[in-house]
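Student: This is the structure alone, sequence omitted:
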């Protein structure tokens, strides 16, 4: 284990006694808005997700010019499904004890995890609690499956007036991914209870109320190793969405409109149905405060996208099939101007101000209150990053049969169209 990873785990150790001591208890990552892989919160600044060999290889070998557009890679941990002293079911991360060099040679399962048979966590039979949990979850999944068509693809929550701390703590999509992955781990716990996860930078930790847009990039989503069935399915999804026409489609979104107090969630099923006009409207919703377009966000996002486009145009043989682009900013309203303290009211007014300061510091989702960039320029803190590289390929991946030439034209096509659409929004907002 590297010194950096050792220091990271030391700051997140499970403080309890018994078998869980020394590990890090994982929690659902509440800001996951897209994808199907379970993302978990490891610490304030770190998330983890199931290790997929190709993605792991990408993070370990990506060139510096691309690295600044991706989350920071922090290492690998072993995750176990366990019970604490009170019988609660937990996911616990431990330092990886096996040789990490063998990770690259494992083929992924359908759920994206290595196919190697790992050590059993325990030889004891599953507890009654586990069996009961399985039974209840099975019934829930059957009911959920039968009602899938009736599920809301766009959700709106009205929050208390004047309260910037949303009452809805979890994005519905993140909970769904977490529950599905937990169920798979429960079912496999009799045979295998060590799962490799990679640690990555939590891109939302700086924001009080993270507004997150997940965009599936490129005109092609299937990897070179996809089965014919998978290939046909991905081609159909592209043809029936904006992926084929503009090289980008909405894969998930959460946004807080501070003026109206409304919290909005959109999932990938809604994103697939959007026409070009609907996609543009969704972008307007994302960059809105509920009343007007927040045009101050567009300039830094556009600058970042143009820098990314220039880098990818120079990246020989890379293909980022099924990769996503995250755009993140803080939806919390800017702090009110400091009021001059009146000589009247004395201690009572001071107490009110103290309460306001407390509210300002408390993150809506456990985040931080920082909302401006560190340069002190007063511009909004926004971030644009590439994520999800399970199907990425390039010439340096020696085992790949197919070697592509030039840049990823499908991804670049999507970037160019996204730049054009946001540039039009910026121009219209200045009219």
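Tutor: Everything's here; your move. In this text, all values refer to a predicted model and were calculated from it rather than measured experimentally.

Student: from here on, contacts and neighbour counts on C-alpha atoms
Tutor: Noted.

Student: what's near enough to touch residue 58?
Tutor: Neighbouring residues of residue 58 by Cα atoms under 8 Å, 6 or more residues apart in numbering: 389, 392.

Student: Surely it is in a strand?
Tutor: No. Secondary structure of residue 58, determined by DSSP: H, G, I helix; E, B strand; the rest coil: helix, with no strand assignment.

Student: which stretches of the stretch 151-300 of the chain form strands?
Tutor: Applying DSSP state E, counting those that start in this stretch to the stretch 151-300 of the chain gives strands spanning 154-158, 195-201, 210-217, 248-257, 262-266.

Student: how deep is the closest residue to residue 288 other than its chain neighbours tucked in, by neighbour count?
Tutor: Spatial nearest neighbour of residue 288, chain neighbours left out: residue 294 (5.4 Å); criterion: Cα to Cα, 6 or more residues apart in numbering. By the criterion of other Cα atoms under 10 Å, residue 294 has 16 neighbours.

Student: Grab the longest helix from this structure for me.
Tutor: Identified as the longest helix of the chain according to DSSP state H is helix 409-429.

Student: Roughly how far does residue 329 sit from residue 47?
Tutor: According to Cα to Cα, to the nearest Å, residue 329 stands 18 Å off from residue 47.

Student: quick one: buried residues of stretch 274-290?
Tutor: 274, 279, 280, 282, 283, 284, 285, 286, 287, 288, 289, 290 (16 or more other Cα atoms under 10 Å).

Student: Am I right that residue 75 is in a strand?
Tutor: Yes. Judged by three-state DSSP, residue 75 forms part of a strand.

Student: Distance check, it against residue 25.
Tutor: Remark: distance between residue 75 and residue 25 (Cα to Cα) = 17 Å.

Student: now swap in residue 59 and tell me
Tutor: Look at residue 59 and residue 25: by Cα to Cα, they are 24 Å apart.

Student: any idea how far residue 53 lies from residue 205?
Tutor: Shown here: residue 53 relative to residue 205, a distance of 26 Å by Cα to Cα.

Student: Which pLDDT value does the model give residue 246?
Tutor: As summarised for this prediction, residue 246 has a pLDDT of 98.

Student: Determine the number of other residues adjacent to it.
Tutor: Using other Cα under 10 Å, residue 246 has 20 other residues around it.

Student: Quick check: beta-bridge partners of the closest residue to residue 253 other than its chain neighbours?
Tutor: Distances taken as Cα to Cα, 6+ apart place residue 213 nearest to residue 253, at 4.6 Å, with adjacent residues excluded. Beta-bridge partners recorded for residue 213 (DSSP bridges): residue 253, residue 327.

Student: dump the residue contacts of residue 213.
Tutor: By Cα under 8 Å, 6+ apart, the contact list for residue 213 reads 33, 250, 251, 252, 253, 254, 286, 325, 326, 327, 328.

Student: again, 6 Å this time
Tutor: Listed by Cα atoms under 6 Å, 6 or more residues apart in numbering, the contact partners of residue 213 are 253, 326, 327.

Student: Closest one of those residues to residue 391?
Tutor: Set against residue 391, the nearest of these by Cα to Cα is residue 326 (17.3 Å).

Student: Three-state assignment for residue 49, please.
Tutor: Residue 49 is classified as strand under three-state DSSP.

Student: actually residue 309, sorry about that
Tutor: helix.

Student: give me every residue that touches it.
Tutor: Applying Cα under 6 Å, 6+ apart to residue 309 gives no contacts.

Student: Quick check: closest non-adjacent residue to residue 47.
Tutor: Spatial nearest neighbour of residue 47, excluding adjacent residues (Cα to Cα, 6+ apart): residue 41 at 4.5 Å.

Student: so what's that neighbour bridging to?
Tutor: Counting by DSSP bridges, the residues bridging with residue 41 are residue 27, residue 47.

Student: where's it relative to residue 88, distance?
Tutor: In terms of Cα to Cα, residue 41 sits 18 Å off from residue 88.

Student: Of these two, give the one with the bigger neighbour count.
Tutor: residue 41 (21 against 10).

Student: closest one to residue 320 among the strands of the stretch 151-300 of the chain?
Tutor: It is, among the strands of the stretch 151-300 of the chain and with distance given as Cα to Cα, strand 210-217, at 8.3 Å.

Student: orientation of the closest one relative to strand 262-266 in degrees?
Tutor: 20 degrees (axes from the mean of the first three to the mean of the last three Cα atoms, to 10 degrees).

Student: pLDDT averaged over strand 210-217, what's the number?
Tutor: Averaged across strand 210-217, the pLDDT comes to 97.

Student: For the closest residue in space to residue 315 that isn't next to it in sequence, list the residues it contacts.
Tutor: Leaving aside its chain neighbours, residue 315 sits nearest to residue 407 (5.6 Å; criterion: Cα to Cα, 6+ apart). Residues in contact with residue 407 (Cα under 6 Å, 6+ apart) are 313, 315, 316, 317.

Student: Run through the residues that contact the first one.
Tutor: Residues touching residue 313, when contacts are defined by Cα under 6 Å, 6+ apart, comprise residue 407.

Student: Need the phi and psi values for it.
Tutor: Here is the backbone geometry of residue 313 (degrees, to the nearest 10): phi -60, psi -30.

Student: just to revisit the earlier point, gap between the residue nearest to residue 288 and residue 419?
Tutor: From residue 294 across to residue 419, the span is 16 Å (Cα to Cα).
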